[in-house]
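Enquirer: With the input below, show me the fold.
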Amino acid sequence: MDEEPVRIPITDVFDLHSVPPRDVQAILEEYLTEAHRLGFQVVRIIHGRGVGVQREMVRSILARTSFVLNFRDAPAEAGGWGATVVTFR
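Expert: Prediction:
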């Protein structure tokens, strides 16, 4: 039996802590596309600090996404290097 896709509300913050690592790429790509389509100019991706594996995965996806203008560490009060702020074109 096919499961219905899980619908999550699209806001300007996306926390990857609840996403299984094997699904991060597909889900993040879909989130970025939908957030851009909805007109967000800036979003924040929370990937956590850890050893940096997920941060690098997130940033490699952002680097190859055509409508991403730039990305950077979030300000300290918004997660610091445990989150990435993304600006869309």
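Enquirer: so what's Val19 up against?
Expert: By C-beta atoms under 8 Å, 6 or more residues apart in numbering, Val19 lies in contact with 27-28. Where you see a C-beta, it was placed from the backbone N, CA and C, and this is true even at glycine.
Enquirer: how many other residues sit next to the residue nearest to Arg55 when sequence neighbours are not counted?
Expert: Leaving aside its sequence neighbours, Arg55 sits nearest to His47 (C-beta to C-beta, 6 or more residues apart in numbering; 5.0 Å). Other residues lying near His47 total 25 when counted by other C-beta atoms under 10 Å.
Enquirer: Check the contact between His47 and Gly80; I expect there is one.
Expert: No - His47 is beyond contact range of Gly80, at 11.5 Å (criterion: C-beta atoms under 8 Å).
Enquirer: part of a strand, is Thr11?
Expert: No - secondary structure of Thr11 (DSSP: H, G, I helix; E, B strand; the rest coil): coil, not part of a strand.
Enquirer: Low-confidence regions, the chain specifically.
Expert: Within the chain, the stretches with pLDDT under 70 are 1-2, 6.
Enquirer: Name the secondary structure element that contains Gly39.
Expert: Gly39 belongs to no helix or strand when elements are defined using DSSP states H and E.
Enquirer: Same question for the one 5 residues further on.
Expert: Assigned by DSSP H and E, Arg44 belongs to strand 42-46.
Enquirer: got the residue ranges for the strands in the chain?
Expert: Here the chain has its strands, by DSSP state E, at 13-15, 42-46, 68-73, 83-88.
Enquirer: Dump the C-alpha coordinates for stretch 27-34 into CSV.
Expert: The C-alpha trace of stretch 27-34 is given here as CSV (Å, rounded to 0.1, in the frame of the first residue of the first chain):
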residue,chain,number,x,y,z
ILE,A,27,13.6,16.7,1.2
LEU,A,28,15.9,19.7,1.3
GLU,A,29,15.8,20.1,-2.5
GLU,A,30,12.0,19.9,-2.4
TYR,A,31,11.8,22.4,0.5
LEU,A,32,14.1,24.9,-1.3
THR,A,33,12.0,24.6,-4.5
GLU,A,34,8.7,25.2,-2.6
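Enquirer: If anything else comes up later, I'll come back, but that's it for now.
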